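Participant: I'd like to go over a predicted model; first the sequence, then the structure.
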Amino acid sequence: MPASVYVVSIDPQASTVWWANRINDLPFDFSQEHETPENLAVLKDTGAQVHVVANQKGGVGKTTTTLNLGAIVSDTLKGQDKGLQHVFIDTPGSLQDENLLLEALKYAHDVIIPMPPEGLAFDPTARTIQKVIEPTGLPFKVTVNNWDPRDGTADLEDTKAYIDAQGWPRAEAVIRRYKVHTRASVEGKVVTQYPKNRVAMEAREDFFRLALELGYGGRS
Ligand SMILES: Nc1ncnc2c1ncn2[C@@H]1O[C@H](COP(=O)(O)OP(=O)(O)OP(=O)(O)O)[C@@H](O)[C@H]1O
Ligand SMILES: [Mg+2]
């Protein structure tokens, strides 16, 4: 059965491929295309929804979000033999590689912008949105990632208020910070492969909620 989800990385840093190579039984198709971004043009003819995960600030959770949304959506579509439905593109976290991001946006239907709840991320995120995303006219959503509930809600509320004040669409779903996500990249696991315990279920729930809210997987 052809995979319902395809994950592509165009990040030359290639941490995605490092991660993906470590995963046994990837729940989606995967390829690394930073050297041949023109290959993305085939996506136009697949009929699949193409989602670009972008933020030119490094380390905000683009790769984590891409792989785990891919895994959750693939899980949701399990057993439905409808061919390729969703493509997730992981993009570089640097200004130098803006041309690669622009190439991916040519084929995108929407954009997901992960952002941590910290002031240092505000300006770089704003730059990506104002200079790169908004000019495309594509629908986008900013998603707060890496919020640690143990830190209290002040930073989260400040970040939500900042996003709302900019007039950017914001996902209600917040991706909480869990060690299990940080460890996953080392262990080569995506969220659908985490051990079945309470923390892992909560970690999974965040991506499930986000996928549902974004309407990926047909159950929104
Ligand atoms: N919700 C989270 N909980 C715990 N750790 C997280 C979470 N999101 C991201 N991380 C960790 O933060 C680090 C950076 O995340 P990630 O690699 O996904 O960011 P990125 O935006 O893809 O970075 P780059 O710009 O370098 O590509 C990783 O070690 C990852 O495991
Ligand atoms: Mg990355």
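Facilitator: Happy to help now that I have it. Numbers count the residues shown, from 1 in each chain. Ligands and ions are numbered 1, 2, ... in the order given.

Participant: So what touches stretch 138-145?
Facilitator: With Cβ atoms under 8 Å, 6 or more residues apart in numbering as the test, stretch 138-145 has contacts from 60-61, 64-65, 105, 108-117, 125, 129, 133, 156, 159-160, 163, 168-171, 173-175, 210, 214. Where you see a C-beta, it was placed from the backbone N, CA and C, and this is true even at glycine.

Participant: hang on, I meant stretch 60-68
Facilitator: 7, 9, 11, 15-16, 19-20, 53-55, 88-91, 93, 112, 114-116, 121, 125, 143, 145-146, 175, 181, 184-185, 190-191, 207.

Participant: Check stretch 94-101 too.
Facilitator: With Cβ under 8 Å, 6+ apart as the test, stretch 94-101 has contacts from 10-13, 34, 37, 52, 54, 56, 58, 91-92, 132.

Participant: mind running it again at 7 Å?
Facilitator: When contacts are defined by Cβ atoms under 7 Å, 6 or more residues apart in numbering, stretch 94-101 is touched by residues Ile10, Pro12, His34, Pro37, Ala54, Gln56, Gly58, Thr91, Pro92, Val132.

Participant: Only the buried members of the residues you listed: can you turn that into a PyMOL selection?
Facilitator: To isolate the buried members of these in PyMOL, using 16 or more other Cβ atoms under 10 Å:
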select buried, resi 10+34+37+54+56+91+92+132
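
Participant: Show me what whichever strand or helix holds Ala161 is packed up against.
Facilitator: For Ala161, the host element (DSSP states H and E) is helix 154-166. Where contact means 3 or more Cβ pairs under 7 Å, 6 or more residues apart in numbering; DSSP states H and E, helix 154-166 is packed against strand 140-147.

Participant: change it to 10 Å
Facilitator: strand 110-115, helix 122-127, strand 140-147 (3 or more Cβ pairs under 10 Å, 6 or more residues apart in numbering; DSSP states H and E).

Participant: what about the last one and ligand 1, any contact?
Facilitator: So the one you mean is strand 140-147. Yes. Strand 140-147 reaches ligand 1 (Cβ under 6 Å from any ligand atom) through Asn145, Asn146.
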